[in-house]
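1. Attaching a predicted model along with its sequence, questions to come.
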Amino acid sequence: MSRANPGRAARILVVDDDPGLLRLLTIRLRSEKYQVQPADSATTALSTIAQFRPDLVVTDLRMAQMDGLALLKELKRRWPSLNVIVLTAHGTIPDAVRATQSGAFAFLTKPVDKEQLLAEVRRALRTSGFAETTDEWTAEFVTRSPLVEDVLAAARLAAATDTPVLISGEPGTGREPLARAIHRGSARRDGSLVDLDCSGFEAEGESRLARAVEDANGGTLLLQGVDELPPALQAALLTALERATMPPRLIATCDPLPGGAGGGPRLSPELLDRLAGVQVELPPLSKRREDIPLLAAEALEDAARQSGQEVKTCAPEAIEVLAAAEWPGNVRQLRAVLREASVLAPGPVVTAELVQQALGSVTQVPSFDEARDEFTRNYLVQLLKVTRGNVSQAARLARRNRTDFYKLLTRYELSPEQFK
C-alpha cells in the first residue's frame, strides 16, 4: 500500500493494546524519521488506515476483542500488497506458522531488539515498493495494486531512456498523467512537451502534425488518442517524423485495442512499430478495486483544497458502495463522485447515501468524448436533412472538403441516401 510521494518518509501504522509498548514502538520508529500512526486496537487501526495510507503495519498478535491474526487476515483481504510485521510476547511455532500462512511479512517475539525491528522494517519497506526518493515523476499516482505497480515500474524504466512509449487503457484510467510523468522523469524534462489531441481533426491535419513535430524539436511529443488518426494522417505523421532534424521523443496514448496494448487495426503496422518501443496498459478501476479507499481519500483531500473546507472522510458503508460500483468512467468518474458527495455532506463524514446519490447523477452525464460524438453525429444529420442528402452542398456548409466529409459520414455510419 504505497504512494509515490517525493521526499516523504515511509508511513508505518503501529497497533498494540499495551499503552507502554505502543508508545515505545512509536518513539523508536519516529526517531528513525518514519511517519508513525499509533492505534490501540485492531478496530482503531482499520478505521484510520484509509486516511493514513501506511506503507507498512506493525501489530501485536495478542490483543483483546480483535487479535493481531484477525487484523492481519482482514488487512491482507482488503490490501494484499500491504506488508505486515507481527509481534508477540508468546512466540510459539504455531503462532509463527499461522501468522506466516495468513500473509505476515515477518514474525518477531517481544521484547523486540531495536536493531532487529528496524532491519525488518527496512526490508519490508523495500519489498512494499516504497522508496525514499526526491523523484517527483509518479507523485500523481496513488496505488496499492500490483497491476498498477507493474505499469509504474515499466514506465519508470522507460522514462530513463529515449524509447517511444505507447500507453493504452480505458478513458479515465490516467493515461495522460502517466505520459506527463514519463516526460518529467526523462532526460528531456527541461525541454518542451507538445501535447497534441489527435481526435476529431481532418482538415489541415498534415500541417498540424508537421507543426507539432517541429514545435517538439528536441523535446517530447505527446500524441493523445493517436488511434483516432485516420490512416492518411498516420502516414503523414510518420513522414513528418522522418523529416525532422531533431526528432522528438514520442509518448502516445490510445484506447485498449484488439491484440493488447497498441495492437489491432486502428494503428498501422508502420506507426505501431514507431510508437511501441515500450507498451504499457493501465488497468480499469474495476481491476484495481483495492485502490478505491486510497483514491477516495485523495479525492476528498483534493475537494477540500479546492473548496477551502476541512477534509472529509468516507463512512465504512460509503467505501463499500464505492468498492461495489461499476466505474465505467474509471478514476475520473470516482473523483467526480467524491467531489459531489463532499459538497453535499453537511458534516465531516460522507455517507453511503450521499455516495449513492452522487453515483446516480454523475453516471447520467456522458463523457466528453461521448458528448462530442453525439454532437457531431447530430450535426451531420441536420446538414444532410437540410441539403436532402447532397454531400457536396453539405460539405460546403460544414466548410470541409468532400473527401473529409465522406470520411465523417463513414465514421458515424450515415448514408446520404437516407435523406434524399
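-> Sure, I can see it.

2. can you give me the helices for the stretch 1-150 of the chain?
-> For the stretch 1-150 of the chain, the helices defined by DSSP state H, counting those that start in this stretch cover 19-31, 42-52, 68-78, 93-101, 114-128, 146-159.

3. Ranking helices and strands of the protein by mean pLDDT, which lands last?
-> Between all helices and strands in the chain, the lowest mean by mean pLDDT, DSSP states H and E belongs to strand 2-3, at a mean of 41.

4. Count the neighbours of N378 for me.
-> Other residues within reach of N378, judged by other Cβ atoms under 10 Å, total 11. Heads up, the C-betas are built off the backbone N, CA and C, glycines and all.

5. From R400, how far off is it?
-> In this structure, N378 and R400 are 16 Å apart, going by Cβ to Cβ, to the nearest Å.

6. how about the strands in this protein?
-> With DSSP state E as the criterion, the chain has strands at 2-3, 11-15, 35-39, 56-60, 83-88, 106-109, 142-143, 165-168, 193-197, 220-224, 249-254, 278-281, 313-314, 349-350.

7. okay, which residue is most central for the chain?
-> G174 (4.7 Å; Cα atoms, centre = their mean).

8. So for that one, what's the pLDDT?
-> G174 is assigned 92 on the pLDDT scale.

9. what's the answer for G191, then?
-> 88.

10. That one: what's it in contact with?
-> Neighbouring residues of G191 by Cβ atoms under 8 Å, 6 or more residues apart in numbering: 218-220.

11. so can I have a markdown table of these showing neighbour count and distance to G185?
-> Formatted as a markdown table, those follow (neighbours: other Cβ atoms under 10 Å; distance: Cβ to Cβ, whole Å):
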| residue | neighbour count | distance to G185 |
| --- | --- | --- |
| G218 | 13 | 17 |
| G219 | 19 | 14 |
| T220 | 24 | 11 |
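
12. just those now: which is nearest Q357?
-> Nearest to Q357 among those, counting by Cβ to Cβ, is T220 at 41.5 Å.

13. Just give the number of residues close to V15.
-> 30.

14. actually E115, not the one I wrote
-> Count around E115 with other Cβ under 10 Å applied: 8.

15. 40 is where my numbering starts, stick with that
-> Understood, numbering begins at 40; the last thing we discussed is E154.

16. so how far is stretch 272-283 off the chain centroid?
-> 31 Å (Cα atoms, centre = their mean, to the nearest Å).

17. Mind naming the longest helix for the protein?
-> helix 407-426 (DSSP state H).

18. Pull out the buried residues from that one.
-> 412, 416, 419, 422-423, 426 (16 or more other Cβ atoms under 10 Å).

19. so S80 sits right up against D106, yeah?
-> No - between S80 and D106 there is no contact under Cβ atoms under 8 Å: 10.2 Å.

20. Mind exporting the C-alpha coordinates of the longest helix of the chain to PDB?
-> What follows is helix 407-426, C-alpha atoms only, in PDB (Å, rounded to 0.1, in the frame of the first residue of the first chain):
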ATOM      1  CA  PHE A 407     -16.500  14.500 -23.100                       C
ATOM      2  CA  ASP A 408     -15.800  12.000 -26.000                       C
ATOM      3  CA  GLU A 409     -19.300  10.700 -25.900                       C
ATOM      4  CA  ALA A 410     -20.800  14.200 -25.900                       C
ATOM      5  CA  ARG A 411     -18.600  15.300 -28.800                       C
ATOM      6  CA  ASP A 412     -19.500  12.200 -30.800                       C
ATOM      7  CA  GLU A 413     -23.200  12.700 -30.200                       C
ATOM      8  CA  PHE A 414     -23.000  16.400 -31.200                       C
ATOM      9  CA  THR A 415     -21.000  15.600 -34.300                       C
ATOM     10  CA  ARG A 416     -23.500  12.900 -35.400                       C
ATOM     11  CA  ASN A 417     -26.500  15.200 -34.800                       C
ATOM     12  CA  TYR A 418     -24.800  18.000 -36.700                       C
ATOM     13  CA  LEU A 419     -24.200  15.800 -39.700                       C
ATOM     14  CA  VAL A 420     -27.700  14.500 -39.600                       C
ATOM     15  CA  GLN A 421     -29.000  18.100 -39.700                       C
ATOM     16  CA  LEU A 422     -26.800  19.000 -42.600                       C
ATOM     17  CA  LEU A 423     -28.000  16.000 -44.600                       C
ATOM     18  CA  LYS A 424     -31.600  16.900 -43.800                       C
ATOM     19  CA  VAL A 425     -31.200  20.500 -44.900                       C
ATOM     20  CA  THR A 426     -29.400  19.500 -48.100                       C
END
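
21. Rounded mean pLDDT for it, please.
-> Per-residue scores along helix 407-426 average to 80.

22. which helices and strands sit right next to that helix?
-> When contacts are defined as 3 or more Cβ pairs under 8 Å, 6 or more residues apart in numbering; DSSP states H and E, helix 407-426 packs onto helix 430-437, helix 441-450.

23. And those: which comes nearest K72?
-> Nearest of the helices and strands packed on helix 407-426 (Cβ to Cβ): helix 441-450, 56.9 Å.

24. So what touches the closest one?
-> Counting by Cβ under 8 Å, 6+ apart, 241-242, 269, 415, 419, 430-431, 433-434, 437, 439, 454-455 sit against helix 441-450.

25. got the buried residues for it?
-> Buried residues in helix 441-450, counting neighbours by 16+ other Cβ under 10 Å, are found at 443-444, 447-448.

26. repeat for stretch 59-72
-> Within stretch 59-72, judged by 16+ other Cβ under 10 Å, the buried ones are 60-61, 63-65, 67-68.

27. That stretch: how far from the chain's middle?
-> Distance of stretch 59-72 from its chain centroid, counting by Cα atoms, centre = their mean, is 33 Å.

28. what does that stretch rub up against?
-> For stretch 59-72, using Cβ under 8 Å, 6+ apart, the contacting residues are 48, 51, 53-55, 75, 77, 79, 97, 99, 149, 153, 156-157, 160.

29. if we can go back for a sec, need the contacts of G230 in TSV with distance to S184 and pLDDT, can you?
-> Shown next, in TSV, are the contacts of G230 (distance: Cβ to Cβ, whole Å; pLDDT from 0 to 100):
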residue	distance to S184	pLDDT
G257	35	84
G258	31	91
T259	27	95
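
30. Name the nearest of the residues you listed relative to L114.
-> T259 (40.0 Å).

31. Any idea what that closest one is bridged to?
-> Going by DSSP bridges, T259 is paired in beta bridges with L232, R288.
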